[in-house]
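*Asks:* Got a sequence here, can you model it:
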Amino acid sequence: MGGRLMDEAPHGGNLRKGRVSIPGQTYLVTAVTRGRSKVFTNFDHARTLILTMQRSEREGRVESLAFVIMPDHLHWLFRLQAGTLAELMKQVKGRSAAGTGIPGGIWQKGYHDHALRWDEDLVRVAGYLVANPVRAGLVRNVMDYPHWDGIWFVAENRE
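*Replies:* Model prediction:
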């Protein structure tokens, strides 16, 4: 949206109209930090977010397929198992913000979600997602970036 935050857009609420949460559906979600603050350059803050996402998986809310935590945002590919996207994201954002101890919270309101169609290549989407640190110039090789994972990228492929 030309660099404008969704909440600032005159019709940003229109993006949320008709949003549905379908158990078993695969979603790609992007959430941005408040003011694009580079919260996740702090290793412990990034790990807090990862632990929070893993907790959501243990609780049966999602099946996590891939994620990458960039300095100021999160990309997460998952299959929704229980509850709604709104409930999930509120919980993940709340828990991860509380874990950082940063007063006033760390997340911008809202998030962007894309429900993947059955014919979209999940491995290709996951590969593109986890390559974000390379495209952003943070590392030359994604294996050098500590805050990502994906079910298709096994340990043998990371060495």
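*Asks:* where exactly do the strands run in this structure?
*Replies:* 26-32, 62-70, 73-80, 112-115, 148-150 (DSSP state E).
*Asks:* so where's this structure uncertain?
*Replies:* 1-19, 154-159 (pLDDT under 70).
*Asks:* Rebuild the strands of the chain as a markdown table, extending it with distance to V20.
*Replies:* Placement of C-beta: from N, CA and C, glycine included. Rendered in a markdown table, the data for the strands of the chain read as follows (distance: least, C-beta to C-beta, whole Å):
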| stretch | distance to V20 |
| --- | --- |
| strand 26-32 | 11 |
| strand 62-70 | 16 |
| strand 73-80 | 10 |
| strand 112-115 | 8 |
| strand 148-150 | 25 |
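*Asks:* how about those strands in CSV, adding distance to I102 and mean neighbour count?
*Replies:* Listed next are the strands of the chain as CSV, based on distance: least, C-beta to C-beta, whole Å; neighbours: other C-beta atoms under 10 Å:
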stretch, distance to I102, mean neighbour count
strand 26-32, 15, 19
strand 62-70, 15, 21
strand 73-80, 15, 22
strand 112-115, 22, 15
strand 148-150, 22, 20
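*Asks:* which residues does R79 bridge with?
*Replies:* Beta bridges link R79 to T26, E63 when assigned by DSSP bridges.
*Asks:* Can you verify my assumption that V29 contacts Y111?
*Replies:* Yes: using C-beta atoms under 8 Å, V29 makes contact with Y111 at a distance of 5.6 Å.
*Asks:* Neighbours of D144, how many?
*Replies:* 10 (other C-beta atoms under 10 Å).
*Asks:* Distance check, it against P133.
*Replies:* 8 Å (C-beta to C-beta, to the nearest Å).
*Asks:* With R117 instead?
*Replies:* 26 Å.
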